[in-house]
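*Asks:* Everything below, folded, please.
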Amino acid sequence: MKIFIDANILVAVVNKEYPLYTYAARVLSWATAQRYQLVTTSVCFAITFYFAEKKHGNKIAKERIALLANHFIIADCGSEEVQQAAADKSINDFEDGLQYFAAVRAGCSCIVTENVSDFYFSTIEVLTAIGFLKSYYPMGKRLK
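*Replies:* A predicted model of the protein is given here:
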């Protein structure tokens, strides 16, 4: 299973932003242990770096991004995704359109994001971190 991880999940993990960090980190660690493939784009890493650098400085931000990137497939987010996002009249947020088309092209089964409503146009499953855990993690039904 390929899971697309949106920038807000990555930011929560890199910056240890509670309470989301607890669930976001569990999604990444459990999915990796299950040999699911984690997918994101260079755009998501750029967004994550921006917020990590503001909080931790350049050196630590780069180290954290490099460590995290080892566990991800970096999906293409090039001219095809730009054209699709620009042409789709149902998409209001261009950046979300880029992420969506990159996820679809990479063959992802779902998108994990805290902004589920931003992907109202999605034809693939869109879940919050806790929603993903409730659906896929064996003990997820116990989460509040």
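*Asks:* how about the strands in this structure?
*Replies:* 2-5, 37-41, 72-75, 110-112, 125-127 (DSSP state E).
*Asks:* Quick one: distance of the longest one to the chain centre.
*Replies:* Relative to the centre of its chain, strand 37-41 is centred 7 Å away, using CA atoms, centre = their mean, to the nearest Å.
*Asks:* List the neighbouring strands of it plus their orientation.
*Replies:* Paired strands of strand 37-41, with direction, are strand 2-5 (parallel), strand 72-75 (parallel) (DSSP bridges).
*Asks:* same question for the last one, mean pLDDT?
*Replies:* In this model, strand 72-75 has a mean pLDDT of 97.
*Asks:* With stretch 84-94 instead?
*Replies:* pLDDT averaged over stretch 84-94 gives 96.
*Asks:* which other residues reach stretch 120-138?
*Replies:* Residues from elsewhere that reach stretch 120-138 (CB atoms under 8 Å, 6 or more residues apart in numbering): 3, 9, 12, 20, 23-24, 26-27, 30-31, 88, 90-91, 100, 103-104, 108-114, 116, 119, 140-141, 143. The way it works is simple: take the backbone N, C-alpha and C, and place the C-beta from them, glycine included.
*Asks:* Which of these fall in helices?
*Replies:* I9, A12, L20, Y23, A24, R26, V27, W30, A31, Y100, A103, V104 (DSSP state H).
*Asks:* What is the nearest of the residues you listed to K62?
*Replies:* Distance to K62 across the ones in helices among the contacts of stretch 120-138 (CB to CB) is lowest for A12, with 18.5 Å.
*Asks:* burial of that closest one, as a residue count?
*Replies:* Other residues near A12 number 23, with proximity taken as other CB atoms under 10 Å.
*Asks:* any idea how far it is from F121?
*Replies:* 24 Å (CB to CB, to the nearest Å).
*Asks:* and if you look at D93?
*Replies:* Remark: distance between D93 and F121 (CB to CB) = 10 Å.
*Asks:* Kindly report the same for F101.
*Replies:* Where F121 is concerned, F101 sits at a distance of 11 Å (CB to CB).
*Asks:* The two - which one has more neighbours?
*Replies:* F101 (22 against 15).
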